[in-house]
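Undergrad: Fold the following and give me the result.
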Amino acid sequence: MEKKERAPVYYSEYLQLDKILNAQLPESEKDGIRADDEMLFIIIHQAYELWFKQILHELNLIRDVFKQPNIPNNSPDIYNCVHRIKRVSRILDIAVMQMTVMETMTPLDFLDFRDLLRPASGFQSIQFKMIEATLGLNYQQRHGQNYYISQLNQGDIERVKKAEAEESLLVLINRWLERMPFSKEGYVPGIDFWQMYREAYINSLRPEEMSNVATFDKLFINEAAYPEDRRFSIAANRSALFIMLYRDFPLLHLPYELVSSLLEIDEGLSMWRHRHIHMVQRTIGKRVGTGGSTGAEYLRAAADSHIIFKEMAELTSFLMPRHALPNLPEQMVKDLGYN
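TA: Numbers count the residues shown, from 1 in each chain. As a prediction, the model looks like this:
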């Protein structure tokens, strides 16, 4: 069959530059007010939304992988997910750096057009809310629950609620970790790894750290005492800690990179939020946000509570030096290698 000839692609048409470069409509121009920095303000926020769109694209591809009932060890899926999660982290680095450009706009420059924007607000960014929901921030964890959709139109409320109703990456990662066999009781008959590790962990603690033992028992030993409010299950906790402890074994290289890169996303989001807080404080001080929020005060409270993978980050409390780790049974060592 003869290959159909494709029409030539032209740069500006491919990128839809006519639409993009004519999508800046400053409110100040409509009122005949000179506010030279409003163009910068619009372009910065449009760039953010384009990056948010790319983040959502990457996260949805990752979720598609983890929705599979099984991910073979010899498939490229985990590597590709790690690659995409790291890409999201690099995009968040750019998001933080964009604040540097925004900060070239002084408080007085912003006041030239700020009141013309009401009640619009960055708080109305649907894509950012969808990113948080896709990663695993649920409604119960949100700061200012009554406020967070009150400024949205009905169509955007439905988009956010649809994102919240789908299985988040956190839920899917929890399920994937639960399937890992190595940290499960009975993997090597006659050996209770977690009791063995508990003894070694206790021996590694300083006297002032002994209170950690009770927490360790709740999170790894005593299923009946496991806290009900935790998002990760006790089985997922065990797998995640096991991966962190024995990451040097070949079969755990990529799982460790995956766990580590999820924490990088939280770090990137946290840095972006705190950079945003400082910029808002510098620009509007104690004034309320254009959308009616308490401004920097609201942002600070949200930054403190919107940490998605904090349970995984807390597992570092239960690590110990390599030289003190319990030696794994010979069969497990063999299974964790490429044979």
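Undergrad: Look through this protein and tell me its longest helix.
TA: In the chain, ranked by residue count with DSSP state H as the criterion, the top helix is helix 253-284.
Undergrad: Low-confidence bits of the stretch 101-250 of the chain, can you list those?
TA: In the prediction, the stretch 101-250 of the chain carries residues with pLDDT under 70 at positions 143-147.
Undergrad: which residues in it form helices?
TA: Assigned by DSSP state H, counting those that start in this stretch, the helices in the stretch 101-250 of the chain fall at 107-111, 126-135, 154-165, 169-179, 193-204, 212-216, 234-245.
Undergrad: Looking at these, spot the one closest to residue 84.
TA: Each of the helices of the stretch 101-250 of the chain was scored for nearness to residue 84 using Cβ to Cβ, and the closest is helix 169-179 (10.9 Å). (Glycine included, C-beta is placed from N, CA and C.)
Undergrad: So which bits of the closest one are buried?
TA: Applying a neighbour-count criterion of 16 or more other Cβ atoms under 10 Å, one finds 169, 170, 171, 172, 173, 174, 175, 176, 177, 178 buried in helix 169-179.
Undergrad: got the angle for that helix vs helix 234-245?
TA: Interaxial angle of helix 169-179 relative to helix 234-245 (axes from the mean of the first three to the mean of the last three Cα atoms, to 10 degrees): 80 degrees.
Undergrad: All further residue positions should be reported with the first residue as 37.
TA: In the new count, where the first residue is 37, that last one comes out as helix 205-215.
Undergrad: helices or strands up against helix 205-215?
TA: Helix 205-215 sits against helix 74-102, helix 162-171, helix 270-281, with contacts defined as 3 or more Cβ pairs under 8 Å, 6 or more residues apart in numbering; DSSP states H and E.
Undergrad: ok so, going back, in a markdown table, list the buried residues of helix 205-215 along with distance to residue 285.
TA: Formatted as a markdown table, the entries for the buried residues of helix 205-215 read as follows, by distance: Cβ to Cβ, whole Å:
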| residue | distance to residue 285 |
| --- | --- |
| 205 | 25 |
| 206 | 25 |
| 207 | 27 |
| 208 | 24 |
| 209 | 20 |
| 210 | 22 |
| 211 | 22 |
| 212 | 18 |
| 213 | 16 |
| 214 | 20 |
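Undergrad: which two in these are spaced the farthest apart?
TA: Maximum pairwise distance in these, criterion Cβ to Cβ, is 14.8 Å, between 205 and 214.
Undergrad: helices and strands around the longest helix of the chain, which ones?
TA: With contacts defined as 3+ Cβ pairs under 8 Å, 6+ apart, the secondary structure elements packing on helix 289-320 are helix 113-138, helix 143-147, helix 270-281, helix 332-341, helix 346-349.
Undergrad: Need the nearest residue in space to residue 279, chain neighbours excluded.
TA: Distances taken as Cβ to Cβ, 6 or more residues apart in numbering place residue 291 nearest to residue 279, at 4.8 Å, with adjacent residues excluded.
Undergrad: Run a quick neighbour tally on the one you found.
TA: For residue 291, the count of nearby residues is 22 (other Cβ atoms under 10 Å).
Undergrad: and it, how far is that from residue 145?
TA: 48 Å (Cβ to Cβ, to the nearest Å).
Undergrad: ditto for residue 348
TA: If you measure residue 348 against residue 145 using Cβ to Cβ, the figure is 41 Å.
Undergrad: go on, residue 355?
TA: Counting by Cβ to Cβ, the gap between residue 355 and residue 145 amounts to 48 Å.
Undergrad: more neighbours, these two?
TA: The neighbour count for residue 355 versus residue 145, taken as other Cβ under 10 Å, is higher for residue 145 (17 against 13).
Undergrad: which residues touch the more buried one?
TA: The contact partners of residue 145, by Cβ atoms under 8 Å, 6 or more residues apart in numbering, come to 71, 72, 73.
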